[in-house]
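Visitor: just need the structure, nothing else, for what follows:
(chains A and B)
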There are 2 protein chains.
Amino acid sequence: MKVNVGKRILSANEEYALKNRQFLTERKILCLNMISSPGSGKTTILVRTINALKNEITIGVIEGDIQTDLDAEKIRATEAPVVQIETKGACHLSAAQVNTALNRLPTDNLDLIIIENVGNLVCPSAFELGETGKIAVLSVAEGDDKPVKYPAIFARSKVLLINKTDLLKVGAAVDFDIERAKADARKLNKGIEIFATSAKTGEGMAGWHNWLKKQVKNLQGA
Amino acid sequence: MKVNVGKRILSANEEYALKNRQFLTERKILCLNMISSPGSGKTTILVRTINALKNEITIGVIEGDIQTDLDAEKIRATEAPVVQIETKGACHLSAAQVNTALNRLPTDNLDLIIIENVGNLVCPSAFELGETGKIAVLSVAEGDDKPVKYPAIFARSKVLLINKTDLLKVGAAVDFDIERAKADARKLNKGIEIFATSAKTGEGMAGWHNWLKKQVKNLQGA
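Guide: Presented below is the predicted three-dimensional model:
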């Protein structure tokens, strides 16, 4: 019974995902669905990325949160357009919610839309939103065993950002074997691009920014 | 439609939760359902707690993981009895799974069972397992805004462990306002007990251990 229920919900979601994908493809907008545990640094990554790239590509944001618009406020401070979705308890964004948000963004002027999903390493990976690709974020404070313990999101993402690497340095505060995490992620997903970043200090962010610029360029055929 | 589906699943779950609660009450076993994001330190808390209390109270563990039995292996090293549940993708433990696990634990000899739920700050809080109470764990690396952003689990827990406090000290690696997190959690849940802990160094763990001993004593009427 559970399986049937799952299928029905997914297929309604898939209809909206398809609409969103068409909408984005027509406008040549790259759309990335960013997924992680709570507190991995997604919003800080977004703020730094928008500020670093604001003269080169125009970025809009869809902010998913269970409650509050604290994250959207931080994005607004960058002057990038942002639409907030409060899921009111739901554990992931749906394609229908993203559809509404897309219609509220100034999409005529955007090269890239980043969707910051609800903080949850499990459920959001099962719901397509019509995105071009998924971005997984893993904070080193969470431990290097996460790719083997929560494989779905690592298997399905185009990029993995191993974030908060500044914590590896200060007095070796955190034990995290970056090579182990990379190897485990690549066992699940041979082509995944991996960048080790500190959105707080900026270290390692250039690789991620260059990847983004390249994707936008490829999509727009420039 | 979604709401009806949710209700049907919950009510099947509630039947098993009731069975588990009766089973535990008859045996005067305290049972705690530990919930957090991935990588907040639940397993390390368990290992240290079992080792600290092993001469005073007997503890059994039910380990919930989406995949792998890495955490159960760490518990086995303490010699505490442990039953592993692999959810194979599901984002929370169900009361039926816990029912099976309870029948596999040596419950005649246990004072306390701790259920380590799947790493997910959202979904597990909605599924009763028959536990005596919920324990929320929040790592300081996740940020002090989590009680307002993910209120459900903080509203429903008997105890909040603010863990990895060692990260607040090493070169002030992490910004986390413990008083803000405590105040926000208490706004949601007036009676919540809060302990700031480092399961890695042991700092602050005594308060949590004393709370556990007191609960076991009260339950057993000794």
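Visitor: residue nearest the centroid of chain A?
Guide: Centroid check for chain A by C-alpha atoms, centre = their mean gives A:Met34 as the closest residue, at 1.0 Å.
Visitor: can you give me the neighbour number for the nearest residue to that residue once chain neighbours are set aside?
Guide: Spatially, and ignoring its direct neighbours in sequence, A:Met34 is nearest to A:Ile135 (4.6 Å; C-beta to C-beta, 6 or more residues apart in numbering or on different chains). Yep, even glycine has a C-beta here, placed from its N, CA and C like the rest. By the criterion of other C-beta atoms under 10 Å in any protein chain shown, A:Ile135 has 27 neighbours.
Visitor: could you list the buried residues of the helix or strand encompassing A:Ile135?
Guide: A:Ile135 is part of strand A:133-139 when elements are defined by DSSP states H and E. If you call a residue buried by 16 or more other C-beta atoms under 10 Å in any protein chain shown, then strand A:133-139 has these buried ones: A:134-139.
Visitor: strand partners (parallel or antiparallel) of that strand?
Guide: strand A:30-36 (parallel), strand A:159-163 (parallel) (DSSP bridges).
Visitor: ranges for the helices of chain A?
Guide: For chain A, the helices defined by DSSP state H cover A:2-26, A:42-53, A:70-76, A:95-104, A:146-149, A:151-156, A:178-188, A:205-220.
Visitor: quick revisit: what sits up against the strand holding A:Ile135?
Guide: A:32-37, A:39-42, A:45, A:114, A:125, A:146-147, A:153-154, A:156-164, A:167, A:181, B:39, B:141 (C-beta atoms under 8 Å, 6 or more residues apart in numbering or on different chains).
Visitor: re earlier: in TSV, list the helices of chain A along with distance to chain B, mean neighbour count and mean pLDDT.
Guide: Formatted as TSV, these follow (distance: least, C-beta to the nearest C-beta, whole Å; neighbours: other C-beta atoms under 10 Å in any protein chain shown; pLDDT from 0 to 100):
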stretch	distance to chain B	mean neighbour count	mean pLDDT
helix A:2-26	5	14	79
helix A:42-53	9	21	98
helix A:70-76	6	18	95
helix A:95-104	11	19	97
helix A:146-149	5	22	97
helix A:151-156	6	21	97
helix A:178-188	11	16	98
helix A:205-220	18	16	97
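Visitor: let's have those in a markdown table, adding distance to A:Val82.
Guide: Shown next, in a markdown table, are the helices of chain A (distance: least, C-beta to C-beta, whole Å):
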| stretch | distance to A:Val82 |
| --- | --- |
| helix A:2-26 | 17 |
| helix A:42-53 | 9 |
| helix A:70-76 | 4 |
| helix A:95-104 | 9 |
| helix A:146-149 | 28 |
| helix A:151-156 | 23 |
| helix A:178-188 | 29 |
| helix A:205-220 | 17 |
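Visitor: do I have it right that A:Ser37 meets B:Pro38?
Guide: Yes: counting by C-beta atoms under 8 Å, A:Ser37 touches B:Pro38, with 4.8 Å between them.
Visitor: joint contacts of those two?
Guide: Listed as contacting both A:Ser37 and B:Pro38 by C-beta under 8 Å, 6+ apart are A:121, A:142, B:119.
Visitor: I'd say the second one and A:Ser37 touch.
Guide: It refers to A:Glu142. Yes: if you go by C-beta under 8 Å, A:Glu142 and A:Ser37 touch, sitting 6.0 Å apart.
Visitor: of A:Ser37 and B:Pro38, which one has the most company?
Guide: Per other C-beta under 10 Å, whichever of A:Ser37 and B:Pro38 has more neighbours is A:Ser37, with 29 against 26.
Visitor: what sits against the more buried one?
Guide: By C-beta under 8 Å, 6+ apart, the neighbours of A:Ser37 are A:119-121, A:138-139, A:142, B:37-39, B:119, B:121, B:142.
Visitor: neighbours around A:Ile35, how many?
Guide: Counted with other C-beta under 10 Å, A:Ile35 comes out at 30.
Visitor: tell me who's in contact with it.
Guide: A:Ile35 neighbours (C-beta under 8 Å, 6+ apart): A:117, A:120-121, A:124-125, A:134-137, A:153, A:157.
Visitor: any chance of the strands paired with strand A:133-139 in a markdown table with mean pLDDT as columns?
Guide: Converted to a markdown table, those look like this (pLDDT from 0 to 100):
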| stretch | mean pLDDT |
| --- | --- |
| strand A:30-36 | 98 |
| strand A:159-163 | 98 |
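Visitor: closest to B:Ala12 out of these?
Guide: For those, the distance to B:Ala12 is smallest for strand A:30-36, at 29.0 Å, taking C-beta to C-beta.
Visitor: for A:Cys31, give its distance to A:Glu128.
Guide: Going from A:Cys31 to A:Glu128 by C-beta to C-beta, to the nearest Å gives 11 Å.
Visitor: the two: which is more packed in?
Guide: Neighbour totals were compared for A:Cys31 and A:Glu128, and A:Cys31 leads with 25 against 20 (other C-beta under 10 Å).
Visitor: who does the more buried one bridge with?
Guide: If you apply DSSP bridges, the partners that A:Cys31 bridges to are A:Ile113.
Visitor: hmm, it is touching A:Leu24, no?
Guide: Yes: the criterion here is C-beta under 8 Å, and A:Cys31 meets it with A:Leu24 at 5.0 Å.
Visitor: hang on, A:Val118 packs against A:His92?
Guide: Yes: assessed by C-beta under 8 Å, A:Val118 is found in contact with A:His92 at 5.6 Å.
Visitor: overlap of the contact sets of the two?
Guide: A:64, A:124.
Visitor: list the buried ones in stretch A:157-172?
Guide: By neighbour count on 16+ other C-beta under 10 Å, the buried set for stretch A:157-172 is A:157-168.
Visitor: now, which of the residues you listed sits nearest chain B?
Guide: Closest approach between the buried residues of stretch A:157-172 and chain B, by C-beta to the nearest C-beta: A:Leu167, at 5.4 Å.
Visitor: quick check on the closest residue to the closest one other than its chain neighbours: phi, psi?
Guide: Sequence neighbours aside, A:Val174 is the residue nearest to A:Leu167 in space, at 4.4 Å (criterion: C-beta to C-beta, 6+ apart). The phi and psi values for A:Val174, taken as degrees, to the nearest 10, are phi -120, psi 140.
Visitor: now do the contacts for A:Val174.
Guide: Contacts of A:Val174 (C-beta under 8 Å, 6+ apart): A:140-141, A:164, A:167-168, B:141, B:167.
Visitor: go on, A:Ala17?
Guide: A:95, A:128-130.
Visitor: so what's A:Leu161 closest to, chain neighbours aside?
Guide: Using C-beta to C-beta, 6+ apart, the closest residue to A:Leu161 is A:Val137 (4.8 Å).
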